[in-house]
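In: Sequence plus predicted model, see below.
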Amino acid sequence: MLALLFIIGLFGNLIGTLAGGGGLITLPTMLLLGMPVHSAIGANKVSNTISTLSSFYTVFRRQEITIAEAGPIVLLCFIGGLVGGLIASLFTGETLTILALCLLIFAFVLSFLGKTDFGDNITLHLKNRTRALLISVGIYDGMFGPGSGTLLLYIYAGEKLSYMKAVVLGRVGIFATCFGAAITYVLSGQILWTETIFLMLGSIIGSQAGIILARKVNNQHAKLLLRFITIILIVQLALDLFIFN
């Protein structure tokens, strides 16, 4: 079981770094292994916090991002993740799945209208709308999670950032939302630490590999990859909602 957690952490974060949707691999597998749902979500949040922090350190060391750029995103997403973790029990899993489906379908349609194509910008100018979207994704990620990394990439693509910059800022956002949510799960005693550590070790390696691969992906290929992962997310969530429930 522990070796499997390491493997799913690796592949989940590799995919999650490139296009989001890593939770499609990690969360269902942990549930199939018999982990309680809150422990599985908590393990995801803790492992993602550490793995995305390692990614941030890597890109910061290469001067691909500055503290000044990351700071506002960390603050906004952390607030959202913390709030989401606190109010998770107020919503049913069905309600959150419907919310995720609506958001992903909307983002997918926008991608064909040219509203969320990656551009050449390497600097994010935070508007009030962008701030609100970052907090909203943070709340959703704290409550539930699957698709949050993909939604962040759509937000950054809508600001015409380059794909690599969007990936970097996406990792920063996921770090903050997971950190905020992880605090609530740790304090509530929901974490199974042995399982979480093995998942985390795989996640760190997967996240680092994803950053390396992202540098080799152009904007057009990134758009196709993002759409592909979005379709898989939509299908998976729809199956969970209409068939498996």
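Out: Nice, I can see it.
In: Can you give me the buried ones in the helix or strand bottoming out on mean pLDDT in the chain?
Out: Every helix and strand of the chain was ranked by mean pLDDT, DSSP states H and E. The lowest is helix 93-112, at a mean of 77. By 16 or more other Cβ atoms under 10 Å, the buried positions in helix 93-112 come out as 96-97, 99-101, 103-104, 107-108, 111. No exception for glycine: its C-beta is placed from N, CA and C like everyone else's.
In: Nearest the geometric middle of this protein, what residue?
Out: Taking Cα atoms, centre = their mean, the centroid of the chain lies closest to G149, which sits 2.9 Å from it.
In: Mind checking the pLDDT average for the helix or strand where that one lies?
Out: Per DSSP states H and E, G149 falls inside helix 148-158. The average pLDDT for helix 148-158 rounds to 90.
In: ok, the residue nearest to P36 when sequence neighbours are not counted - how many residues close by?
Out: In space, and not counting its chain neighbours, P36 is closest to Q190: 7.6 Å by Cβ to Cβ, 6 or more residues apart in numbering. Residues near Q190, counting by other Cβ atoms under 10 Å, number 17.
In: can you check S47 too?
Out: When neighbours are defined as other Cβ under 10 Å, S47 has 29 of them.
In: follow-up on the earlier one: which helices and strands does the least confident helix or strand of the chain pack with?
Out: With contacts taken as 3 or more Cβ pairs under 8 Å, 6 or more residues apart in numbering; DSSP states H and E, helix 93-112 sits against helix 128-143, helix 148-158, helix 219-239.
In: Right, I'll call it a day here.
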